[in-house]
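Visitor: Provided below for reference: sequence and predicted model.
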Amino acid sequence: MQQLRQLLAIQGSELAKLLKCSLRGLEATLTQAISEFPLDPGTQICEELLREISGLLQPRTDSPPEDAIAMILLPTELKLTHLRSVFNADAELKLYLGTAELQSQTDADLWNEIHRQLLRVPENIATAWRSRVLDLAEQVGALPDNLHVAELPFSRDQIIYPGLKGSVTAPGLSLSEKALLNTGVNPTDQYGNLYCIAGFVQLFLRFTEIDPDLHHALKTVFTFDIMPLHSQPEQRTQYINTLSDRWQRLQQAESNSDELLSLRAWIDIDEAIHSLVFVPPVERYSWWGNLQQESRRILKKMAQTAVNMGYDVRIRQLSGLYADVCSFSKDDLQLNCGGVPGEVLTCLRVYASINQEETPGRVIFRSLR
């Protein structure tokens, strides 16, 4: 460990930066593994290893880096203000997030706003930025904190991003199965498809409360535009009510042993889940994109089950050039930001053909301008 500490202490070393990133990745992986396998015989040793890694990553207090000295601020100023200017100025992030700048007025809010926005960009870009953001936070004496995290209900446990401790105190964010069970969800369907959808419903209820950038594009609530939830609370109420109603209808359909009725209910709930959007819509391989695709994978399994039972069922997720798929969709929405001009930005509802009865899909696409 002494050699690792000596390498990490070398200022301006690319090898030191690489080692620090690798140790953070290992720390996050082991922390997540412990939460998933708490009874594993290696848990105690793993916890000791995490403490050693945490000790390696803590900056030395006897000789603060020059960058930290240069960033000393008045007590009334944000310690993380440099994060705001660096983040706002990045041209690559603007491609995925649009041109709106960060709005937070406190360090804790700024930490959370930045990390919520990183959930919308491709994972490789988000990972690099999380490391960069943590480096800048450490320069003013802050440290990552995986214990001080707000818990959002979902069907599994996951630390979405850590909080901060030290010179800056800020909560992180996590998914929590315990929080889901505390909402009253019936655990008898645990690990089943309904249990997963229950997680989505409860998670979205909370996310609409904490993320002011969220919009909805649910046709039965508002057909002609993508509507903000924060500035128009009546739209949030209507979206949540429709999501909850579709969840109730799905449960009823599943209990009636009517495979086609159930499949249509799965299509409806999947549309509601994919209609919670940002402007521009999230990148397909972002944290948000991967999360919503979990619902679509369940829908595809339900469609395959119907096929295996002898029904004539086809569903299609619409993507690619809008000109190639517009004949399979209806009441689509157009944006002039995000993605590639002329391409589908996100598929809100799949196209479906059930026993020769066709139901058009719905997409958001990028205009050619």
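Guide: Right, received. Where do you want to start? Numbers count the residues shown, from 1 in each chain.
Visitor: and the residue nearest the centre of the chain, how far is that from I160?
Guide: Closest to where the C-alpha atoms of the chain average out (Cα atoms, centre = their mean) is W288, at 3.5 Å. In this view, W288 and I160 are 11 Å apart by Cβ to Cβ, to the nearest Å. The C-beta positions use only the backbone N, C-alpha and C, and glycine is treated the same way.
Visitor: overlap of the contact sets of those two?
Guide: Taking Cβ atoms under 8 Å, 6 or more residues apart in numbering as the contact rule, W288 and I160 both touch L119.
Visitor: contacts for the helix or strand harbouring the residue nearest to the centre of the chain?
Guide: For W288, the element it lies in under DSSP states H and E is helix 287-308. Helix 287-308 is contacted by residues 118-120, 123, 126, 160, 193, 196-197, 200, 259-260, 262-263, 266-267, 269-270, 273-274, 276, 278, 282-284, 313-315, 317, 350, 352, 354 when judged by Cβ under 8 Å, 6+ apart.
Visitor: restricted to helices, list those.
Guide: The members of the contacts of helix 287-308 that map onto helices under DSSP state H are 118, 123, 126, 193, 196-197, 200, 259-260, 262-263, 266-267, 269-270, 273-274.
Visitor: follow-up on the earlier one: where's the helix holding W288 relative to the chain centroid, distance-wise?
Guide: 17 Å (Cα atoms, centre = their mean, to the nearest Å).
Visitor: list the buried residues in that helix.
Guide: Using 16 or more other Cβ atoms under 10 Å as the test for burial, helix 287-308 gives 287-289, 291-292, 295-296, 298-299, 302-303, 306.
Visitor: contact partners for F222?
Guide: 216, 235, 238.
Visitor: tell me which helix or strand in the chain has the weakest average pLDDT.
Guide: Least confident helix or strand, the chain: helix 66-70 with a mean of 40, by mean pLDDT, DSSP states H and E.
Visitor: after that one comes which helix or strand?
Guide: Next helix or strand after helix 66-70 toward the C-terminus (DSSP H and E): helix 81-89.
Visitor: excluding covalently adjacent residues, which one is nearest to Q158?
Guide: L175 (4.3 Å; Cβ to Cβ, 6 or more residues apart in numbering).
Visitor: I'd assumed that neighbour was in a strand, is it?
Guide: Yes: L175 sits within a strand when classified using DSSP: H, G, I helix; E, B strand; the rest coil.
Visitor: report the contact partners of it.
Guide: L175 neighbours (Cβ under 8 Å, 6+ apart): 151-154, 156-158, 160, 203.
Visitor: again with T169
Guide: T169 touches 108, 148, 163, counting by Cβ under 8 Å, 6+ apart.
Visitor: hmm, back to that, so which of the contacts of F222 wins on neighbours?
Guide: With neighbours taken as other Cβ atoms under 10 Å, the top of the contacts of F222 is H216, carrying 26 neighbours.
Visitor: test my guess that it contacts D225.
Guide: No: if you go by Cβ atoms under 8 Å, H216 and D225 don't touch, sitting 10.2 Å apart.
Visitor: mind checking how far R349 is from S13?
Guide: 51 Å.
Visitor: more crowded one of these two?
Guide: Regarding R349 and S13, a neighbour count based on other Cβ under 10 Å identifies R349 as having more, with 25 against 13.
Visitor: tell me what that one is bridged to.
Guide: R362 (DSSP bridges).
Visitor: can you show me the strands along the protein?
Guide: Ranges of strands in the chain, per DSSP state E, are 142-145, 149-153, 158-161, 163-166, 172-176, 215-216, 227-228, 276-277, 313-316, 333-335, 344-349, 351-354, 357-359, 362-366.
Visitor: can you select the buried ones from the contacts of helix 287-308 in PyMOL?
Guide: Here is the PyMOL selection string for the buried members of those, based on 16+ other Cβ under 10 Å:
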select buried, resi 118+119+120+126+160+193+196+197+200+259+262+263+266+267+269+270+273+274+276+278+282+283+284+313+315+317+350+352+354
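Visitor: what's opposite the residue nearest to Q158 in the beta bridge?
Guide: Going by DSSP bridges, L175 forms beta bridges with L152, Q158.
Visitor: what's the pLDDT at it?
Guide: For L175, the model assigns a pLDDT of 97.
Visitor: same check on P41?
Guide: So P41 comes in at 75 (pLDDT).
Visitor: and if you look at the one 3 residues further on?
Guide: According to the model's per-residue confidence, Q44 sits at a pLDDT of 72.
Visitor: A28 too?
Guide: On the pLDDT scale, A28 gets 69.
Visitor: may I have the phi/psi pair for M309?
Guide: phi -90, psi 0 (degrees, to the nearest 10).
Visitor: average pLDDT for stretch 194-212?
Guide: So the average pLDDT for stretch 194-212 ends up being 96.
Visitor: to clarify, my last question referred to stretch 291-299.
Guide: Mean predicted lDDT for stretch 291-299 stands at 96.
Visitor: number the residues from 853 up from this point.
Guide: Okay, residue one is now 853; in that scheme the one you just asked about reads as stretch 1143-1151.
Visitor: contacting residues around G1044?
Guide: Neighbours of G1044 in contact, by Cβ under 8 Å, 6+ apart: none.
Visitor: got it, and F1052?
Guide: Counting by Cβ under 8 Å, 6+ apart, F1052 has contacts 1006, 1125, 1147.
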